[in-house]
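>>> here is my input; please provide its structure:
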Amino acid sequence: MYEIINTILFLIAVIDPLGSVPVYLEATKQFDKKHQKRIAIRASIVAFLILLSFIILGQLVLEGMEVSLDAFQISGGVILFLFALTMIFGDGKPESEKHLITDYKHVTIFPVAIPSIASPGAIMAVVLMTDNHLYTIKQQATTTALVFVVILMTCLLLLAANKVKERVGEYGITVVSKVMGLILASYAVQSILSGLKDFFVVLQ
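Next up is the predicted model:
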């Protein structure tokens, strides 16, 4: 139970459901409520399918390229850390992703589904969390189910986006996004340290 709670909290940090609210509102401001709901649901489905494809195929592709687990852990940790820094010191996830909106006819895929929900950090995280060498099929299935739960939470937040923005405000959303970035940075450093430790053990 403790591990499940930790996994959910980490997934919430890396996917940052609340941070997707302003991006979604900006992307769908030209649509009526009916189309806004469709975009929220479809974007969530697309984001989950993207993450699921990386859970299933991500490691196979890396192993096919003969990338070691230690190298992947270190590089993945570095990428996650850099992504976390943009959340902490940058304009914040909402503001940076609002600028990606250039075509309001295709906002479901870009930027709502990717990179707002299925961000590079989220993609890297799910691959690391479902490593075939470290986790059993049951554990990977549990992680996949938890990814679905967090995506479902994100979808519900998007459906209630206007109310969320009224209650929390853009300032509140930015604060939450930065806190999530700090949590993500800690996980990234841990991943780098674990990769380095295992690498030097192999060399001995």
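
>>> could you pick out the longest helix of this protein?
Using DSSP state H to define each element, the chain has its longest helix at helix 161-203.

>>> how distant is that one from the center of its chain?
10 Å (Cα atoms, centre = their mean, to the nearest Å).

>>> repeat for stretch 42-59
11 Å.

>>> and if you look at stretch 1-11?
14 Å.

>>> got the buried residues for that stretch?
7, 10-11 (16 or more other Cβ atoms under 10 Å). In short, each C-beta sits where N, CA and C put it, glycine included.

>>> so among those residues, where is pLDDT lowest?
Across the set of these, Phe10 stands lowest in pLDDT, at 88.

>>> excluding its backbone neighbours, what's nearest that one?
Spatial nearest neighbour of Phe10, excluding adjacent residues (Cβ to Cβ, 6 or more residues apart in numbering): Tyr187 at 6.1 Å.

>>> right, and the one you found touches Thr7 too?
No - checked against Cβ atoms under 8 Å, the pair Tyr187 and Thr7 is beyond contact range at 11.0 Å.

>>> ok, and the helix or strand in this protein with the lowest average confidence?
When each helix and strand of the chain is scored by mean pLDDT, DSSP states H and E, helix 93-98 comes last, with a mean of 61.

>>> helix or strand right after that one?
Tracing the chain C-terminally past helix 93-98 and defining elements by DSSP states H and E, one meets helix 120-129 next.

>>> summarise which helices and strands that following helix is packed against.
Contacts defined by 3 or more Cβ pairs under 8 Å, 6 or more residues apart in numbering; DSSP states H and E place helix 120-129 against helix 2-15, helix 33-64, helix 69-89, helix 137-159, helix 161-203.

>>> name the residues of that helix that come out as buried.
For helix 120-129, the neighbour count (16+ other Cβ under 10 Å) marks 121-129 as buried.

>>> over to stretch 26-33?
26-28.

>>> low-confidence ranges in this protein?
67, 69, 91-105, 202-204 (pLDDT under 70).

>>> give me the subset of the buried residues of stretch 26-33 that lies in helices.
Filtering those for helices - DSSP H - leaves 26-27.

>>> out of the buried residues of stretch 26-33, which one sits closest to Phe72?
Ala27 (32.5 Å; Cβ to Cβ).

>>> how near is the closest one to Val14?
21 Å (Cβ to Cβ, to the nearest Å).

>>> try Ala71
Here Ala71 is placed at a distance of 21 Å from Val14 (Cβ to Cβ).
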